[in-house]
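>>> Below are the sequence and a predicted model for it; my questions follow.
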Amino acid sequence: MPIIPLYGHEALRARLASAHARGALPPSLLLHGPRGVGKQRLALWIGQMLLCDSDGDRPCGACRHCRYVLDLAHPDLRWFFPRPRLPNPDPRTQDVLDDFVDAIGERRKSNGLYSAPGGSEALYVATVRAILQLASLTPAMGRRKIFVIGDAERMVSQEGSDQPANAFLKMLEEPQADTQIILTSSEPGSLLPTIRSRAIAVRVPPLVEPASRSFLGDPVVNAALDRLDLPASLEQRIELMEGAPGMLLESADRAQAIAAAREFLDAVSQGRAEWSRAVAKMSAARARGFFADVLDAMTVQLHARLRGAAGRSDASRVTAIAHSIEHIEDAKVRVDGNVNPQLLGASIAREVATWSLS
């Protein structure tokens, strides 16, 4: 079966289609935005648009190029993303490509619905070599080659040799006329500055609510989500998704993080004893990644409160919430270091309590 349709991002798609029609689409793009909003699916849509041979609106979805792209089988559209390191420390290019054939096959089976890569997965130098080799070939079916490189911040720049990285940078800076490169990243600040400077950045925002409803109304999506431990209610799923469909595939941890964030913020307004108990739940028993997800959920919930306070013209509350958000954003930077989550949680609780968010 083909991958699911691309939902939402209509205004951005119109801009990209207009740029392509005018011959003004940059040859190297960096799609960046929050995790799970569909950046790689949008990148595949761009590839489909560029390969489509319809005389009308593109992509048409019906020509052979569109059908091959939707089946993840077009020889001129290559999709790379973080993968586990192969057993051979210096694998052949064909071994790398065979591994991606298997990985793409798994994504095809799931209709393009997949969870985020694990912490040990990356775009290793052998993958960069494979991309460079494919880029040197002429297109097999169409007039151009498309390279979609997901989670580009996971690119390992060098492993004893910087030659592949430098060649990739050269490819970004001076792409061939028949080559389109589309990078995606949820953490563009983690990309090498030399990569960021060579691609035109395009922000991909979260889905608006109508698009979220359309996504959740897709029968294929519903069948996949029903196998997960998700709330049955459409409204609860929309809240859990927060405009990022990919987050639903990490739903169990995500739901726990949202609940923990809400409990923490509520506890802060009830006095030190209550927030101390909430902080205690952020113990070493929880993974550091879960703690980071709780902090993300806190900022989302605080931004919602901020919008409400601004709507009521409550200036003092706007100031209080803004200070708390700033403190939590600072904590996010520190959480990846050697910091005890409970100590960091206590610091956040004291700061939020100071600004009295009740």
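All right, it came through fine.

>>> could you point out which element follows the lowest-mean-pLDDT helix or strand in the chain?
When the helices and strands of the chain are scored by mean pLDDT, DSSP states H and E, helix 272-280 comes last with a mean of 71. Per DSSP states H and E, helix 272-280 leads on to helix 288-311 as the next helix or strand towards the C-terminus.

>>> and that following helix, what other elements does it pack with?
If contacts are counted by 3 or more CB pairs under 8 Å, 6 or more residues apart in numbering; DSSP states H and E, helix 288-311 sits against helix 251-268, helix 315-335, helix 341-354. (Each C-beta comes from the backbone N, C-alpha and C, glycine too.)

>>> How about residues contacting the longest one?
Surrounding helix 315-335, the residues in contact under the criterion CB atoms under 8 Å, 6 or more residues apart in numbering are 288, 291-292, 295-296, 298-299, 302-303, 305-306, 309-310, 341, 344, 347-348, 351-352, 355-357.

>>> Please list only the buried members of these.
291-292, 295-296, 298-299, 302, 305-306, 309, 341, 344, 347-348, 351-352, 355, 357 (16 or more other CB atoms under 10 Å).

>>> Now Pro175: closest residue in space that isn't a chain neighbour?
Pro27 (4.4 Å; CB to CB, 6 or more residues apart in numbering).

>>> Quick check: which ranges of the stretch 101-250 of the chain have low pLDDT?
Scanning the stretch 101-250 of the chain with the threshold set as pLDDT under 70 gives 118-120, 157-164.

>>> do that again at 90, thanks
Residues of the stretch 101-250 of the chain meeting the criterion pLDDT under 90: 114-125, 142, 153-177, 187-197, 223-233, 236, 239-242, 247-250.

>>> Do a quick rundown of the strands in it.
Ranges of strands in the stretch 101-250 of the chain, per DSSP state E, counting those that start in this stretch, are 145-149, 179-185, 200-203.

>>> Quick one: closest of these to Asp229.
Among the strands of the stretch 101-250 of the chain, the nearest to Asp229 by CB to CB is strand 179-185 (27.6 Å).

>>> by how many degrees do the closest one and strand 145-149 diverge?
Per axes from the mean of the first three to the mean of the last three CA atoms, to 10 degrees, the angle that strand 179-185 makes with strand 145-149 is 10 degrees.

>>> wait, doesn't Val208 sit right on Gly8?
Yes. Val208 is within contact range of Gly8, at 6.5 Å (criterion: CB atoms under 8 Å).

>>> Settle it for me: which of these two has more neighbours?
For Val208 versus Gly8, neighbours defined as other CB atoms under 10 Å are more numerous around Gly8 (24 against 13).

>>> Skip the chain neighbours and tell me the closest residue to the more buried one.
Ala211 is the one closest to Gly8 (CB to CB, 6+ apart), at 3.0 Å.

>>> just Ser190 next, same as before
Using CB to CB, 6+ apart, the nearest residue to Ser190 is Glu153, at 4.1 Å.

>>> picking up where we left off before, out of the strands of the stretch 101-250 of the chain, flag the one nearest Glu242.
With CB to CB as the measure, strand 200-203 is the member of those nearest Glu242 (16.6 Å).

>>> helices and strands around that closest one, which ones?
Using 3+ CB pairs under 8 Å, 6+ apart as the test, strand 200-203 ends up in contact with strand 28-32.

>>> Go ahead and name everything in contact with the strand it packs on.
Residues contacting strand 28-32 (CB under 8 Å, 6+ apart): 39, 42-43, 46, 152, 172-173, 175, 180-186, 188, 191, 195-196, 198-204.

>>> how about the strands of the stretch 101-250 of the chain, which one is nearest Ala103?
Nearest of the strands of the stretch 101-250 of the chain (CB to CB): strand 145-149, 13.0 Å.

>>> what separates that closest one from the chain centre, distance-wise?
17 Å (CA atoms, centre = their mean, to the nearest Å).

>>> packing partners for it?
By 3+ CB pairs under 8 Å, 6+ apart, strand 145-149 packs against helix 39-51, strand 77-80, helix 125-135, strand 179-185.

>>> Quick one: name whatever helix or strand follows the first one.
So that's helix 39-51. helix 64-70.

>>> Now that next one: buried residues?
Those would be His65, Cys66, Tyr68, Val69, Leu70, for helix 64-70 by 16+ other CB under 10 Å.

>>> which of the residues you listed sit farthest apart?
His65 and Leu70 (9.7 Å).

>>> tell me, what's touching the two both at once?
Between them, His65 and Leu70 share these contacting residues under CB under 8 Å, 6+ apart: Gln48.

>>> how does this structure divide into domains?
Under the assignment automatic domain parsing, the domains of the chain span 10-205, 209-245, 250-354.

>>> Give me the buried positions along the shortest one.
It stands for domain 209-245. 211-212, 215-216, 218, 220-221, 224-225, 230, 237-238, 240-245.

>>> quick one: contacts for Ile46?
Leu16, Leu29, Ile146, Gln180, Ile182.

>>> Among those residues, which one has the most neighbours?
Highest count within the contacts of Ile46 by other CB under 10 Å belongs to Ile182, 28 neighbours.

>>> Find the nearest non-adjacent residue to it, please.
Spatial nearest neighbour of Ile182, chain neighbours left out: Ala43 (4.3 Å); criterion: CB to CB, 6+ apart.

>>> What distance do you get for Leu30 to Arg198?
Distance, Leu30 to Arg198, using CB to CB, to the nearest Å: 9 Å.
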